[in-house]
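> Have a look at this prediction, sequence included:
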Amino acid sequence: MSRTISHLFTVFAFSAAASMATPAHALIDLCPLLGIGCGEDDGDDDIDLGLGECFDIDLDLGADCIVIDDLDELVCDPVSVAEACLVQLGPGPDIHDFADCLGDMVALCEAEIEDGGALFCDGLFVGADACLLGLIDLDIDIDIDLFPDVDLVPDLEFDECTDLGFDLETDCEVQEGLDCLAQCDPIAVEPACSVQLDFNDDLHLFAFCAAELMSDCLEACVTGGALFCDGDIYVGPSSCL
């Protein structure tokens with residue numbers, strides 16, 4: 001697949017403003033079941049994101065930055081937007097807030113690409129293409145054949161089916177088609193990631209897990225169905241039933 005890249009830059013400094021918010025998310029009823037610490041949700045706070053935002057991500061000197069304007073590149077995922085969420089949420093976000101942000105940030109990333117382009121540095125989503133104005137002392141080098149070789153993926157494997165400890169009375173259903181695909185988001189895979197990561201609170205590992213299980217979920221939706229329990233909690237492919 002050819003990459004549609006507007007510009008490639010070598011970055012020596014980054015200075016961009018980022019708004020801060022502390023959202024809250026539901027799934028509170030699941031917390032006692034899984035033993036996950038949950039923040040209180042008063043239902044009033046939401047993640048405030050809009051087109052044109054820049055996220056003040058710490059970048060190494062000489063970071064490789066590109067503007068991508070083709071959704072076919074499939075670069076917007078929980079791993080690439082994780083740092084932007086950590087900036088958006090502030091220190092020590094709740095895992096539920098983080099999962100909620102990942103979904104919103106992926107959507108924003110895709111919207112920026114459709115709106116003209118999204119800026120990525122070392123594989124991380126930084127914001128809109130206009131965020132280039134916040135990069136100072138640029139040594140501009142345009143090369144449409146070059147793409148940063150950045151390894152953001154830890155060496156982890158995940159079980160196909162996740163034992164979430166549901167009892168026999170829990171309502172579980174195999175979903176297929178478009179409705180199924182729409183359910184494969186970070187919130188749906190959050191419980192499975194918490195269990196598969198042994199409740200490790202490393203948010204970067206969670207972002208990687210979310211990306212992996214969301215991919216598995218999407219594949220299951222078109223190859224026999226995905227199993228969801230207690231509403232919208234992803235457990236695995238239909239064979240896990």
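Yep, it's here. Numbering: from 1, shown residues only.

> list the contacts for the spatially most central residue of the chain?
Nearest residue to the geometric centre of the chain (C-alpha atoms, centre = their mean): residue 78, 1.8 Å. The contact partners of residue 78, by C-beta atoms under 8 Å, 6 or more residues apart in numbering, come to 102, 106, 186, 207, 208, 210, 211, 214. Yep, even glycine has a C-beta here, placed from its N, CA and C like the rest.

> biggest separation within the residues you listed, which pair?
106 and 208 (13.8 Å; C-beta to C-beta).

> Now do the buried residues in stretch 223-241.
Buried residues in stretch 223-241, counted by 16 or more other C-beta atoms under 10 Å: 225-230, 233-238, 240.

> and these as TSV, adding pLDDT, secondary structure and distance to residue 113?
Listed next are those as TSV, based on pLDDT from 0 to 100; DSSP: H, G, I helix; E, B strand; the rest coil; distance: C-beta to C-beta, whole Å:
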residue	pLDDT	secondary structure	distance to residue 113
225	96	coil	30
226	97	strand	26
227	96	strand	32
228	96	strand	29
229	95	strand	33
230	90	coil	34
233	95	strand	30
234	97	strand	26
235	96	strand	31
236	96	strand	31
237	96	strand	30
238	94	helix	33
240	92	helix	34
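
> Report how many residues lie close to residue 215.
13 (other C-beta atoms under 10 Å).

> so how far is residue 112 from it?
Residue 215 sits 22 Å away from residue 112, going by C-beta to C-beta, to the nearest Å.

> Run a quick neighbour tally on residue 204.
14.

> likewise residue 159?
11.

> can you pull out the helices in the chain?
Here the chain has its helices, by DSSP state H, at 31-34, 78-89, 95-114, 177-183, 186-196, 203-222.

> what angle do the last one and helix 95-114 make?
When you say that, I think you mean helix 203-222. 70 degrees (axes from the mean of the first three to the mean of the last three C-alpha atoms, to 10 degrees).

> pLDDT below threshold where in this structure?
1-47, 134-155 (pLDDT under 70).

> what does the domain assignment say about it?
Per the record, the chain has its domains at 5-140, 172-240, by automatic domain parsing.

> still on that earlier bit, tabulate the contacts of residue 78 (CSV), appending neighbour count and distance to residue 198.
Putting those into CSV (neighbours: other C-beta atoms under 10 Å; distance: C-beta to C-beta, whole Å) gives the following:
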residue, neighbour count, distance to residue 198
102, 28, 20
106, 23, 25
186, 28, 19
207, 25, 16
208, 22, 14
210, 27, 16
211, 23, 18
214, 22, 20
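
> now the residues you listed as TSV including distance to residue 200?
Output for those, formatted as TSV (distance: C-beta to C-beta, whole Å):
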residue	distance to residue 200
102	16
106	22
186	16
207	12
208	11
210	13
211	16
214	18
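
> what about residue 84, how many neighbours?
26.

> nearest residue to it other than its sequence neighbours?
Among residues not flanking residue 84 along the chain, residue 55 sits closest, at 4.1 Å (C-beta to C-beta, 6 or more residues apart in numbering).

> For the nearest residue to residue 180 once chain neighbours are set aside, the count of nearby residues, please.
Nearest non-adjacent residue to residue 180, counting by C-beta to C-beta, 6+ apart: residue 221, 3.7 Å away. Residue 221 has 23 neighbours, counted by other C-beta under 10 Å.

> can you check residue 108 too?
For residue 108, the neighbour count with other C-beta under 10 Å is 26.

> before we move on, the earlier item: could I get the domains of the chain in TSV, plus columns for distance to residue 160?
Output for the domains of the chain, formatted as TSV (distance: least, C-beta to C-beta, whole Å):
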stretch	distance to residue 160
domain 5-140	19
domain 172-240	5
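
> how about these, which one is nearest residue 164?
Of all the domains of the chain, domain 172-240 comes closest under C-beta to C-beta, at 5.6 Å.
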